[in-house]
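Engineer: A predicted structure for the sequence below; I have some questions about it.
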Amino acid sequence: QVQLQESGPGLVNVSQTLSLTCTVSGDAIEKDYTYWSWIRKPPGKGLEWNAYIKYDGSTNYRPSLICRTTISRDTSKNHFALELRAVTPEDTAMYYCARRATRADEYNSWGEGTQVAVSS
């Protein structure tokens, strides 16, 4: 069974950098064809995909966040991370990490989420 667990600071001040980590068990983030994503849900809004990193280390970003976001991984620790720079109150959200087995699949494994609030 694949399990994902987010960790993060909970509270970040405006203009600072948010760093989140997703620790994975039950699967390898280098496993062929897998996609590992960060997805957030702002209060009162729907899910918003932020970025993914593929099994081969290639990445893709939400266009509106590309200038402020970096997704990375540490295969030795089997975790991947999100860095969001210059945060604003609009970045307040529940942040989830998620996995899909291939590009054609739905996200079938999710973490419980970590709440992030940006304080002004």
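Structural biologist: Yes, it's here. Numbering: from 1, shown residues only.

Engineer: Show the pLDDT at the spatially most central residue of the chain.
Structural biologist: Taking CA atoms, centre = their mean, the centroid of the chain lies closest to Trp38, which sits 2.3 Å from it. Note for Trp38: predicted pLDDT of 98.

Engineer: Check the secondary structure at it for me.
Structural biologist: Taking DSSP: H, G, I helix; E, B strand; the rest coil as the rule, one finds Trp38 in the strand state.

Engineer: What mean pLDDT does stretch 11-23 get?
Structural biologist: 97.

Engineer: Please save the CA atoms from it in CSV.
Structural biologist: What follows is stretch 11-23, C-alpha atoms only, in CSV (Å, rounded to 0.1, in the frame of the first residue of the first chain):
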residue,chain,number,x,y,z
LEU,A,11,2.4,29.2,9.3
VAL,A,12,4.5,31.3,6.9
ASN,A,13,4.9,35.1,6.8
VAL,A,14,4.2,37.0,3.7
SER,A,15,7.1,37.2,1.2
GLN,A,16,8.9,34.3,2.8
THR,A,17,9.5,30.8,1.3
LEU,A,18,7.2,27.9,2.0
SER,A,19,9.0,24.5,2.1
LEU,A,20,7.0,21.3,2.1
THR,A,21,8.1,17.6,2.0
CYS,A,22,6.2,14.5,1.1
THR,A,23,7.6,11.3,2.4
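
Engineer: got the buried residues for that stretch?
Structural biologist: Residues of stretch 11-23 classed as buried under the neighbour-count rule (16 or more other CB atoms under 10 Å) are 12, 18, 20-23. Bear in mind the C-beta positions are built from the backbone N, C-alpha and C, glycine included.
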